[in-house]
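Student: Let's see this in three dimensions:
(2 chains)
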Amino acid sequence: MYVKQYLSKLINQSLNIHESEMVINNLVPPAQPEWGDVAFKTFQLASKLNLKPVELALSLEQKLNQNQEFKAKATGPYLNITFSTGFICNLVLDHVFNRPSPPPPPEPQPTVVIDFSSPNIAKPFGVGHLRSTVIGAALYRIFKYLGYKVIGINHLGDWGTNFGMILTGYEQEGENTTQLEQDGIKYSYQLYVRTHHKAEQDQEINNRAREWFNKLEQGDPKAIEIWKRFREFSIKKFKQTYQRLGIEFDHYTGESFYQHKTDEAIDFLQKKDLTEVDQGMLIVRLDQYDLPPLLLKKSDGSTLYATREIAAVLYRLDTFNPDLLLYVVGNPQELHFKQISAALDEAGIKIKEKLIHVKFGHILGMSTRKGTLVFLDDLIDEAVRRAKEKMQENKTISYSEREMDFISSKVGIGALVFNDLKTKRIKDIEFNWDRALSFEGESGPYLQYAHARIKSIIRKSSQIPRYQPDSVLDQLNQPEEKALALAISDFPMIIEQAAREYEPSVISRYLLDLASTFSKFYHSCQVVGSKPELLEARLCLIEGCRITLAKGLELLGIEPLNKM
RNA sequence: GCGUCUGUAGCUCAGCCGGAUAGAGCAUCGGAUUUCUAAUCCGAGGGUCGCAGGUUCGAAUCCUGCCAGACGCGCCA
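Tutor: Next comes the predicted model:
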């Protein structure tokens, strides 16, 4: 960005135009590295200025070459620009060291509410929920970094007919306090499964489950008390897992929170004359939107998922007055969110631009029934175990016991988190232990390793890297050094793109590229042991890379490591 | 049946608001360690960009049709 911004400014000035966005969008890497550092595609701008691309390129070549800092060469409709390495490094590192934060967004500070993770407290936290959790948490950090006010909400699935089943099982078996307190989720899930199994042979159990859920809805003290216990211990367990992942929420307001707000929501839609009764159900027709009707009430009068969702959106608009309302929820619910958005739009609420369904592909090859479901905690444990194994194989580095525990935990989790963030959200993922826990190639540990190596170099240099204007950066003249500076330069634009597209994978791909560029540098340019000026210059460059890498990793929720 | 999404190297993917010779990782094969961590780096092979039309000076990218897969479509969430 720094380099592109600089170039764009010059191009705009030389032509006396104000098209910096278009120009920046047309600045690309040259097809061949030896052609230059940045290439300008002139097609779009030429068309805007009513010129032929080739002519524009030639004219720009002449104008820009009055500048001392670089060479410009027109090649057909392209303009290839070559900088001196020292110049690029100064441009880029000045920003990295002296202006590490992006400029704040214009006042008033925009607010974004992010609904993510949202597990069901009676069902195991499986690998499927990891995606929403990890993507949502990344978006949370990205928007915060960009200066937004961000509110993270865990919309727990803490209400529903399945609690009838759990309460029935509880009634039959009595409480296993140890299990409940240790892992409320696993306990309620197993209770659910056992009772559900019995219910398949015994209709009486189903009836009992319905009764219990009814009691719960009526506010029966006994039912509420037991439900509260299950909820409390499930959340306690969730928080432990979230802590391992370094994730926090501002609110744990689940579906039960909206239980008594649905009447108000239904009232609101009824007053707008949008509802009608069909076969005993209360519905909102959405024919104008080419969508099937939204169901608000079952024929027995009880509310549905969508009802509570409407209530939740109204509550959030009212409470947080957000500019964006993000729902990090899987693909299958696309229709659901379209309906919610349409119904509210019909009611005159301007929500279409605000309510964004940040959808993602689901995890294939995992089923609760087949028993192929993988529990997140087990997956994390396995990731950490494999990381530890890898560390024990390492013959050149020794670790204290504390280091072993800390590093293996961060590496294992880094691999796991990165695995869910490296591809575009929309893609379905076939779960595979070895792929999810890869430590090589395009992986979290690859990025952490690059960071650790930079730290290691700095440690061995016994110097503190610093940036000074007119410094020794002119010492740098290797292509690997220039490539590294150019890679660092793209960081701000990448973050903006990730936010614009609600797509953390943009950052993942970028960091892979940055780390790979560093690794190439590492293998061809020695830092420690160079003559003093070169040492200082290279330290400054790799520290710039490290700062950028660390920031990117933090945004994704991966720990940048000093040693591994 | 209708709708949404996906289809690029053996596998997993990037590139998709049109532009220079379609890029990575894994896997396979061959190399690199007396110097800052080999969880790394270098090299090789590997492609009808699902198929067929269309728009354009130019299409993996835009439009249409078809094929394949995933998901969704009134009383689960």
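
Student: Return the list of helices and strands in contact with the lowest-mean-pLDDT helix or strand in chain A.
Tutor: Ranking every helix and strand in chain A by mean pLDDT, DSSP states H and E puts strand A:363-364 at the bottom, with a mean of 81. On a contact count with 3 or more Cβ pairs under 8 Å, 6 or more residues apart in numbering; DSSP states H and E, strand A:363-364 meets helix A:127-145, strand A:429-430. C-beta: built from backbone N, CA, C; applies to glycine.

Student: Of these, which stretch is the most buried?
Tutor: Among the helices and strands packed on strand A:363-364, ranked by average contacts under mean count of other Cβ atoms under 10 Å, first place goes to helix A:127-145 (a mean of 23).

Student: Next secondary structure element downstream of that helix?
Tutor: Using DSSP states H and E, the helix or strand that follows helix A:127-145 in sequence is strand A:149-153.

Student: Which of the three states applies to the one residue in the stretch 301-450 of chain A that gets nearest to RNA strand B?
Tutor: Using Cβ to the nearest atom of the strand, the single residue of the stretch 301-450 of chain A nearest to RNA strand B is A:Gly441, 2.4 Å away. Look at A:Gly441: counting by DSSP: H, G, I helix; E, B strand; the rest coil, its state is coil.

Student: and if you look at A:Thr82?
Tutor: Taken by three-state DSSP, the conformation at A:Thr82 corresponds to strand.

Student: is it true that A:Asp115 touches A:Gln333?
Tutor: No: counting by Cβ atoms under 8 Å, A:Asp115 sits too far from A:Gln333 to count as a contact (11.5 Å).

Student: what about these two, which has more around it?
Tutor: Per other Cβ atoms under 10 Å, whichever of A:Asp115 and A:Gln333 has more neighbours is A:Asp115, with 24 against 16.

Student: quick one: the more buried one from RNA strand B, how far?
Tutor: In this view, A:Asp115 and RNA strand B are 13 Å apart by Cβ to the nearest atom of the strand, to the nearest Å.

Student: Could I get the contacting residues of that residue?
Tutor: With contact taken as Cβ atoms under 8 Å, 6 or more residues apart in numbering, A:Asp115 is in contact with A:Gly136, A:Ile153, A:His155, A:Leu325, A:Leu326, A:Tyr327, A:Val328, A:Val329.

Student: what bridges to it?
Tutor: A:Ile153, A:Tyr327 (DSSP bridges).

Student: List the buried residues for stretch A:286-302?
Tutor: By neighbour count on 16 or more other Cβ atoms under 10 Å, the buried set for stretch A:286-302 is A:Leu286, A:Leu291, A:Pro293, A:Leu294, A:Leu295, A:Leu296, A:Lys297.

Student: Now do the contacts for the third one.
Tutor: Listed by Cβ under 8 Å, 6+ apart, the contact partners of A:Pro293 are A:Asp278, A:Ile283, A:Val284, A:Arg285, A:Leu286.

Student: how far away is it from RNA strand B?
Tutor: Separation of A:Pro293 from RNA strand B (Cβ to the nearest atom of the strand) stands at 5 Å.

Student: which residue packs closest to that residue, ignoring adjacent ones?
Tutor: Counting by Cβ to Cβ, 6 or more residues apart in numbering, the nearest residue to A:Pro293 once its immediate chain neighbours are dropped is A:Ile283, at 4.3 Å.
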